[in-house]
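Asker: structure of the sequence below:
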Amino acid sequence: MSNWVGSVNLHPDWGNDPTYGIPYVVVNGGQALVNVNLNAYGDESDPGPMPVPADAPVEGGSSSTGDRHVLVLDNGNCFLYELYNSSVNSDGSWNADSTAVWDLLGNEQRPYTWTSADAAGLPIFPGLVRYDEVAGGSIKHAFRFTLPRTSAAFIPPASHWAATSSDPSAPPMGIRLRLKSSYDISGFSASMQVILTAMQHYGLILADNGSALYVTGVSDSRWGSDLDSLKTVPASAFEVVQMNPVYTNANYPTGSAPTISNFTASPTSVSSGGAVTLSWSIGNADYAIVSPGPGAVRGTSATVQPSTTTTYTLYATNQYGRTAATVTVSVQ
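Answerer: From the prediction side, this is the model:
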């Protein structure tokens, strides 16, 4: 704590300013799917299409020059979509340096050494402090936080490092800090006690490089001035939860990527707009995506209606990598 966090205080990196913190949007199962053009980290990203509205809020605002995260929670299909360094195009499609799809009905982890929309390879949304949870009186998860110096290592469920220090004793991504149970929170407001209690039970999980002990939340007009009281909590009030295992480039797990036994189309030739059933059989996959077309899928089939001859790609991913297969449908 002394070497890598320093003598700083906790900093709530959110408030009632809408350009502060990381926003998100909730869509239903009928939200239109749009293309996402992948840039810097495309080889470690999940392809579209994704149900990202053209007016989805961007971290920092539409003109932000920061990380520009976009988070979309599809509550109809229980998928979470997260984009990094995002911008919307005039046709409603999006550009992003990195994307990740999270199946909220499973226990998904990114492939080892892959990034997500966050440097640690973690989902962002589950680590945010949200007003609705505080108002509900209980928070049952860890919070996302940042440190300025990190090593080339990670602790599951993190899967990726973005080292800013060559010192192997620097914190790995995924390190967990916990507010000491002995720290007296009785002088804080009831709302702030909800947050601090979660920090004592579930702690903070290192998700990205940034300012020391900055904790991320969702800005909301209902946050009050008592939020500033969190800035009085010193780093010395936290302890490091035992770290095991710690993975580096020398020892991270390896294994078999998913198998795709078949990926077929029926029929393989149709008139424009005709219905085609895509079917597949995959093994040992955490989640699957069909692109273009349905996007993130469950089950073993999906219906598409191509207007031009189209090659569909099935991507199956687990913690060891990704396997792809293609099938082409001709449009007469």
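Asker: any idea how far Ala152 is from Ala158?
Answerer: Ala152 sits 12 Å away from Ala158, going by Cβ to Cβ, to the nearest Å. The C-beta positions use only the backbone N, C-alpha and C, and glycine is treated the same way.
Asker: which of the two has more neighbours?
Answerer: Between Ala152 and Ala158, counted using other Cβ atoms under 10 Å, Ala158 has the larger neighbour count: 25 against 17.
Asker: sec struct for that one, please.
Answerer: Under DSSP: H, G, I helix; E, B strand; the rest coil, Ala158 falls in the coil class.
Asker: didn't Arg68 look like it was pressed against Gly60?
Answerer: Yes. Using Cβ atoms under 8 Å, Arg68 is in contact with Gly60, at 6.4 Å.
Asker: Leu104: what's its closest spatial neighbour, skipping adjacent residues?
Answerer: Cys78 (4.3 Å; Cβ to Cβ, 6 or more residues apart in numbering).
Asker: count of residues packed around that neighbour?
Answerer: Counted with other Cβ under 10 Å, Cys78 comes out at 15.
Asker: residue contacts, it?
Answerer: By Cβ atoms under 8 Å, 6 or more residues apart in numbering, the residues touching Cys78 are Asp103, Leu104, Leu105.
Asker: just the residues you listed: which are in strands?
Answerer: Asp103 (DSSP state E).
Asker: mind checking which of the contacts of Cys78 are buried?
Answerer: Burial by neighbour count, 16 or more other Cβ atoms under 10 Å: within the contacts of Cys78 this picks out Asp103.
Asker: and the contacts of Cys78, which is closest to Gly293?
Answerer: Asp103 (17.6 Å; Cβ to Cβ).
Asker: wouldn't that closest one be in contact with Ile289 here?
Answerer: No. Assessed by Cβ under 8 Å, Asp103 is found out of contact with Ile289, at 10.3 Å.
Asker: can you give me the helices for this protein?
Answerer: For the chain, the helices defined by DSSP state H occupy 131-136, 190-201.
Asker: for Asp55, see how far away the closest residue to Gly106 other than its chain neighbours is.
Answerer: Distances taken as Cβ to Cβ, 6+ apart place Asp286 nearest to Gly106, at 6.0 Å, with adjacent residues excluded. To Asp55, Asp286 is 31 Å away according to Cβ to Cβ.
Asker: between the two, who's got more neighbours?
Answerer: Asp286 (18 against 10).
Asker: and the more buried one, its phi and psi?
Answerer: phi -80, psi -30 (degrees, to the nearest 10).
Asker: contacts only, for it.
Answerer: Residues near Asp286 by Cβ under 8 Å, 6+ apart: Asp103, Gly106, Asn107, Glu108, Gln109, Thr317, Asn318, Gln319.
Asker: if we use 10 Å, what do you get?
Answerer: Asp286 is in contact with 102-103, 106-111, 258, 316-320, counting by Cβ atoms under 10 Å, 6 or more residues apart in numbering.
Asker: one more: Asp208?
Answerer: 67, 84, 117-120, 122, 124, 144-147, 150, 162, 173, 214, 216.
Asker: please report the distance of the residue lying closest to Asp13 once chain neighbours are set aside from Asp208.
Answerer: Nearest non-adjacent residue to Asp13, counting by Cβ to Cβ, 6+ apart: Tyr214, 4.4 Å away. Distance from Tyr214 to Asp208, counting by Cβ to Cβ: 9 Å.
Asker: what residues are shared contacts of these two?
Answerer: Residues touching both Tyr214 and Asp208 (Cβ under 10 Å, 6+ apart) are Arg144, Phe145, Thr146, Leu147.
Asker: from the contacts of Asp208, which land in strands?
Answerer: Short answer: the contacts of Asp208 in strands (DSSP E) are Tyr84, Arg144, Phe145, Thr146, Leu147, Tyr214, Thr216.
Asker: can you tell me the centre-most residue of the protein?
Answerer: Nearest to the mean C-alpha position of the chain, by Cα atoms, centre = their mean, lies Pro123 at 2.5 Å.
Asker: could you verify my assumption that it touches Pro157?
Answerer: Yes. With contact defined as Cβ atoms under 10 Å, Pro123 reaches Pro157; the gap is 9.0 Å.
Asker: what sits in contact with each of those two?
Answerer: In contact with both Pro123 and Pro157: Glu108, Gln109, Arg110, using Cβ under 10 Å, 6+ apart.
Asker: of those, just the buried ones, ChimeraX syntax please.
Answerer: The following ChimeraX line selects those of the shared contacts of Pro123 and Pro157 that are buried, judged by 16+ other Cβ under 10 Å:
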select :108,109,110
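Asker: from the shared contacts of Pro123 and Pro157, which single one is nearest Val297?
Answerer: Glu108 (14.0 Å).
Asker: phi first, then psi, for the closest one.
Answerer: When read as degrees, to the nearest 10, the backbone of Glu108 gives phi -80, psi 140.
Asker: ok, it touching Val101?
Answerer: Yes. The pair Glu108 / Val101 is scored as a contact, 8.7 Å apart, by Cβ under 10 Å.
Asker: lovely, talk soon.
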